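S.K.: Structure for this input, please:
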Amino acid sequence: MSNWLLPEHLADVLPAEARHQEELRRSLLDLYRSYGFELVAPPLAEYLESLQAISGSPLNLRTNKLIDQLSGRTMGVRADMTPQVARIDAHLLNRPGVTRLCYCGSVLHARPESLLAQRERLQIGAEIYGYAGVEADIEIIRLALASVARAGVENSRLDLNLPAVGYALLKQDPILHRHAQYVLDLLSAKDNPGLLALTETFPGADAGVVQQLLSLTELYGQALPTLEKARQQLPQLPEIVHAFEQLQELIVAFSAHHLTLDLADMGSSYGYHTGVVFCVYAHGWHNAIVRGGRYDGIGKLYGRDRPATGFSLDLRVLAATAGAATQIQAIRAPWGTDPQLLAVIDELRNQGEVVLQCLPDEVPSSDEFVIQHQIVKAGDQWVVKPVSTASPTDS
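M.R.: Numbering: from 1, shown residues only. You can find the predicted model right below:
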């Protein structure tokens, strides 16, 4: 095997694209700071008990394990940063009121989520802790939409759901409720054959509840018409009525956006969402750019029960969605130690220009920079001239 081959679903990021991602990272973190979010940076690896505090979650299967040579204990390489940030809020900051945190870092999946997915992601996101009201969800969704807009993505679509509707239907049947995660996965995938087979998969399961669950897979589309249709088709259980009231409030808050509902979407496959969930889609992309929602109670696993809501996205995906990286202009300078030449180079760099001082006999070759100007000596002065007009006698 060649030394330069990478494992499947892992990839290098080359210069122009890496710069594009870094510029977007800085821009988004500045955006989050303008909203009052504080930046945190949890470690890449932790003891497995901490990373897998959400017992039984599919997230556990995506966590890579290794042995800590200092302690002999098992560690995990994070597959998602949200539980880590919840741990920081609950255990380290321990503030009494509302806390806004943001983050950015690599995560690693043991297996890819799909054939097109990368196992290493550059996850960026924002979370609000300590506020249970829908107002926090609205602020988080606004910030998610602003993130996509900051990246230059146009005509994005916001998709909402409240999994409490599906949970309420499941609770009607103790048999199905015991296998909730399996059923919810079928719902999220809109696997109608799998849902139809539930009465055979789990003998004694209530066929009426199965039909109600099946109806959720058809309840998606434009927000208000879908909500009205759901009110007519689903049983008026207290949890469902309350969920519809919350969805109504969110629909009003985002009435200016292209807004849809998907009542079969049970949130991320990590299994920790407890309230409203949302996705942001854009034309030309096969999957959601942003995923988020409410996940009250994770902090309890770290010693402090706190309401929480947030979102995250893969910065690599967003950068690719926003368009290919473009070349930037650079100025070529000759090699030399002349103080006047170095002073000109320093001044240009301080002004934000890219100056490439070529080594002796170097022929510039770069995918990232396009050289349209160069520094040449005119008399006793170093000046900047377009490449096309520089005299061949200039040194």
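S.K.: is Ile328 in a bridge, and if so with what?
M.R.: Per DSSP bridges, the residues bridged to Ile328 are Phe369.
S.K.: Who are the contact partners of it?
M.R.: Arg19, Val354, Glu368, Phe369, Val370 (CB atoms under 8 Å, 6 or more residues apart in numbering). From N, CA and C alone the C-beta is placed, and that goes for glycine too.
S.K.: Excluding chain neighbours, give the residue nearest to the second one in space.
M.R.: Right, the one you point to is Val354. Closest residue in space to Val354, ignoring its immediate chain neighbours: Ala330 at 4.1 Å, by CB to CB, 6 or more residues apart in numbering.
S.K.: wait, is that neighbour part of a strand?
M.R.: Yes: looking at Ala330 with DSSP: H, G, I helix; E, B strand; the rest coil, it is inside a strand.
S.K.: Is it correct that it is in contact with Gln357?
M.R.: No: between Ala330 and Gln357 there is no contact under CB atoms under 8 Å: 10.6 Å.
S.K.: okay, these two: which has more neighbours?
M.R.: More neighbours surround Ala330 than the other of Ala330 and Gln357, with 19 against 15 (other CB atoms under 10 Å).
S.K.: So the residue nearest to Val354 versus Ala132, what's the distance?
M.R.: Noted for Ala330: a distance of 52 Å to Ala132, by CB to CB, to the nearest Å.
S.K.: Just the buried positions in the lowest-mean-pLDDT helix or strand in the chain, please.
M.R.: Here the helix or strand of the chain ranked lowest by mean pLDDT, DSSP states H and E is helix 58-61, holding a mean of 75. Residues of helix 58-61 classed as buried: Leu59, Asn60 (neighbour count, 16 or more other CB atoms under 10 Å).
S.K.: Give me the helices and strands touching the longest helix along the chain, please.
M.R.: Counting by DSSP state H, the longest helix found in the chain is helix 15-34. Applying 3 or more CB pairs under 8 Å, 6 or more residues apart in numbering; DSSP states H and E, we find helix 15-34 packed against strand 38-39, strand 99-108, strand 120-129, helix 134-150, helix 315-321.
S.K.: Please give the per-domain residue ranges for this protein, including any split domains.
M.R.: The chain breaks down into these domains under automatic domain parsing: 1-163+267-326, 167-236+245-254, 328-389.
S.K.: quick one, which of those is nearest to Thr260?
M.R.: Set against Thr260 and scored by CB to CB, the domains of the chain come closest in domain 1-163+267-326, at 4.9 Å.
S.K.: Quick one: distance of the closest one to the chain centre.
M.R.: Centre-to-centre, domain 1-163+267-326 and its host chain are 5 Å apart (CA atoms, centre = their mean, to the nearest Å).
S.K.: Name the helix or strand for Leu259, please.
M.R.: Assigned by DSSP states H and E, Leu259 belongs to strand 258-262.
S.K.: Buried residues, that strand. List them.
M.R.: Here strand 258-262 shows Leu259, Thr260, Leu261, Asp262 as buried, counting by 16+ other CB under 10 Å.
S.K.: for these, which one is nearest Gln52?
M.R.: Among the buried residues of strand 258-262, and counting by CB to CB, the member closest to Gln52 is Asp262, at 28.8 Å.
S.K.: need the helices and strands packed on helix 15-34 in a markdown table with distance to Thr199 and mean pLDDT, can you?
M.R.: Listed next are the helices and strands packed on helix 15-34 as a markdown table, based on distance: least, CB to CB, whole Å; pLDDT from 0 to 100:
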| stretch | distance to Thr199 | mean pLDDT |
| --- | --- | --- |
| strand 38-39 | 50 | 98 |
| strand 99-108 | 38 | 97 |
| strand 120-129 | 38 | 96 |
| helix 134-150 | 36 | 96 |
| helix 315-321 | 39 | 86 |
